[in-house]
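>>> Okay, sequence plus prediction incoming.
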Amino acid sequence: MYNIPVEDVRNFVLAGHSGTGKTALTDALAFKLGINDRLGSSANGSSVSDYTEEEKNRKISIFSATFNAQYDAKNGKKYNLFFTDTPGFMDFYGQMRSASRVADAGLLMIDASGGVEVGTRRAWKCFGQTGLASRMIAVTGLDKDNTDFLKTVEALRAALGSECSPIAFPTEDGKSIVDVFSDDIPEAFKAAADEAREQLMERAAESSDELTEKFLMGEALTDEEVSSGLRQAGRDGGFIPIIPVYPLSGVGVDFLLESVVRYMSSPAERERTDADDNVIESSPDAPFAGLVWRSVSDSFVGQMSYVRVLAGTLKVDAEIENSRTGKDKVSSLLVPCGRKHNNIDVATPGDIVAIPKLKATKVNDTLFTPGNTLRARPVKFPEPVMFAAVTAETQADEDKLGPALQRVVEQDPTLRTERNTETHETVLMGMGDVHLDVAVRLMKQMSNVSVKLNTPRIAYRETVTAKGEGHHRHKKQSGGRGQYGEVYLTVEKLMEGDEEWYVDETVGGSIPGNYIPAIEKGLVERMQNGAVAGYPVVDIKVRVYDGSYHDVDSSEIAFKIAGSTALRVGLSNAKPVLLEPIMNVRIFTPDAFMGAVTGDLNHKRGRVLGYESEEDMQVIVADVPQAELFRYAAELRSITGGQASFEMKFARYEVVPSNVAQKVIAESPHKVRDAEE
Ligand SMILES: Nc1nc2c(ncn2[C@@H]2O[C@H](COP(=O)(O)OP(=O)(O)OP(=O)(O)O)[C@@H](O)[C@H]2O)c(=O)[nH]1
Ligand SMILES: [Mg+2]
């Protein structure tokens, strides 16, 4: 783009626990790199990264923000940097996930006063899962009381591995930081520095046979050899630099930038594969392909698609294709700098660009030069776990509800909305309380629609557990033409695999054949309104075995009513029960919370099916009624201090226990009606 070769591009993501200074560091970088002419701060709402109203109000990042700048490194070269600040708050994990997927390197942020926290591990895991080629760790909070750089280093090594090694130390006054290779190491860090240096030399030497030999022969490695050796070790996962940094005063920011260009992988050094497992060639000369990883609905420019260039060169005015929607055109090409965007003409691999006004383009679409067969591996977003029913405040809001929901959902792949045809509710699904709350506020801001969130209704159903007799004679023969139809039937549970739910077993013309379909209609209608609490009836078998008719007064409508009412009677006699949806849940929790989580599941009528383990987490597999789970994301978080997570999928319908059923029946919005009413 600025004639900077792909080798000199660095694209990294900032991630970590909430409040560890990611946004503060982003502001410091923006200031240092000339993106902003003063130092922004999320504390007073002037941050270049947390610039939305929601972020300013809540004082946390909610959306990822990408920045581009050129950096003149000490080696005399100009580097093209892209970095993305991501939210650490759990509800917005999806943002970290997508930003990591499109970066080549990860910068983990840790606050020395908090140590290794849930969000630290979550970010680290995310770096691994998204296949980042190299990682670095920045330690903040060192100006706070009772913090200790070495203790933080130890904690990091214990939690994340001994590959983590400090490459600089803070001076006692916090006014500067000192390179591990410097001669002026503060007294307190001398021993640690000796150890770290030794480790770094070994790591550098291990990176190639040539250096290993030199090292073993006792020859000193040159600065350049150490530097390139460590770069290689970083890419192989054998070296993860730890750096102290003071985002608020800017101390350490220079060193951090130098370390970024030195140790982080370039797009060319990161091996990427496409959706078919083919290696992607990160060359500007290859045919263009890019992944849409973010979509923003902007009130000024409209739809803006953020694209990471994976291969080839993208030029303004280029004809491109989207595998899902077809041909399109890049009418303008921008690079993001937080909320600001700068026009550019050309983008090459590693770049993150913003393209306005593409046709119906969505996150995870691949854009490519027509004819190119490369399809990007999609970002795997977490499934929503928190559910709420959305109701409009007023009729005017109701009219605009659909498009307003669509708009927020389109720009956040971890939000979903669904119309439940059984409960007639629109359900909004997300990652947690705050996530749904933010969505509601965004609907107000973006579309001026006011909505309320409520606990969703459950799509209860009904069935029978025994065989029951049903009979009804529908007779109205006073004055004019009367109505007459009589039906005898039995109802019982439908056997599994039996497709035939309705059988006509009448003999000898007790009901003329032309009325049989009318009876069936009556039955179908009745099955929408069961005998227990008016919920739909499923899995029953109805046999109509007798009846009577009247030559003049019988009619289709009379038999429909007779059939419907006979079935209601039959259902009541067949020991009807309520059914509720049961979800299969997998809960990932640290060992320490197993008891608390299992105990809570018992209160939720959950049934533990088994235990598994996955990495450092215990996995509890359980069946839990859906009615108990709408707020589970928030509840589980409070039980475990945010350390546990869960996923769920629909398992089956099961009978509601009678003590619970009484309450459901009392609260049912439906009435058991008769067809005549
Ligand atoms: N004392 C001190 N405060 C810091 C430091 N780094 C950040 N802060 C402050 O801590 C608060 C949170 O910092 P942010 O940069 O917003 O944290 P974040 O990591 O972006 O948090 P999320 O966006 O929620 O993930 C702000 O008020 C910062 O000014 C630091 O090194 N020392
Ligand atoms: Mg932030």
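Ah, there it is. Ligands and ions are numbered 1, 2, ... in the order given.
>>> When you work out contacts or count neighbours from here on, use the C-alpha atoms and nothing else.
Noted.
>>> buried residues in stretch 278-285?
280-284 (16 or more other Cα atoms under 10 Å).
>>> Show me which of the residues you listed is closest to ligand 1.
Minimum distance to ligand 1 across the buried residues of stretch 278-285 is 30.7 Å, recorded for Ser282 (Cα to the nearest ligand atom).
>>> Quick check: closest non-adjacent residue to that closest one.
Counting by Cα to Cα, 6 or more residues apart in numbering, Ala311 is the residue found nearest to Ser282 once chain neighbours are left out, at 4.8 Å.
>>> ok, now which ones touch the one you found?
280-284, 286-290, 348-349 (Cα atoms under 8 Å, 6 or more residues apart in numbering).
>>> so what pLDDT did it get?
Here, the pLDDT recorded for Ala311 equals 95.
>>> Sketch out the low-pLDDT regions of the protein for me.
Scanning the chain with the threshold set as pLDDT under 70 gives 1-2, 673-677.
>>> rerun that using 50 as the cut-off
By pLDDT under 50, the weakly predicted segments of the chain are 677.
>>> Which residue ranges make up the domains of it?
6-193+237-269, 289-368, 386-454, 462-577, 579-664 (automatic domain parsing).
>>> got those as a markdown table, with distance to ligand 1 columns?
Listed next are the domains of the chain as a markdown table, based on distance: least, Cα to the nearest ligand atom, whole Å:
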| stretch | distance to ligand 1 |
| --- | --- |
| domain 6-193+237-269 | 3 |
| domain 289-368 | 14 |
| domain 386-454 | 12 |
| domain 462-577 | 44 |
| domain 579-664 | 14 |
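>>> Can I get the ones you listed in CSV including distance to ligand 2?
Formatted as CSV, those follow (distance: least, Cα to the ion, whole Å):
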stretch, distance to ligand 2
domain 6-193+237-269, 4
domain 289-368, 12
domain 386-454, 15
domain 462-577, 47
domain 579-664, 18
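>>> Would you mark the buried spots in stretch 190-201?
192-193, 196-197, 199-201.
>>> ok, now stretch 607-616?
Neighbour count says stretch 607-616 has 607-608 buried, by 16+ other Cα under 10 Å.
>>> ok, now stretch 167-183?
Buried positions in stretch 167-183, judged by neighbour count with 16+ other Cα under 10 Å: 167-171, 174, 176-180.
>>> re the thing from before, nearest to Leu579 among the buried residues of stretch 278-285?
Checking the buried residues of stretch 278-285 against Leu579 by Cα to Cα gives Ile280 as the nearest, at 50.7 Å.
>>> In contact with the closest one, which residues?
Ile280 makes contact with 271-274, 310-311 under the criterion Cα under 8 Å, 6+ apart.
>>> switch to 6 Å and redo it
Applying Cα atoms under 6 Å, 6 or more residues apart in numbering to Ile280 gives the contacts 272-273.
>>> where does it sit relative to ligand 2, distance-wise?
Using Cα to the ion, to the nearest Å, Ile280 is found at 32 Å from ligand 2.
>>> Got the phi and psi for that residue?
For Ile280, the backbone dihedrals (degrees, to the nearest 10) come out as phi -90, psi 130.
>>> how many neighbours does Leu256 have?
Leu256 has 20 neighbours, counted by other Cα atoms under 10 Å.
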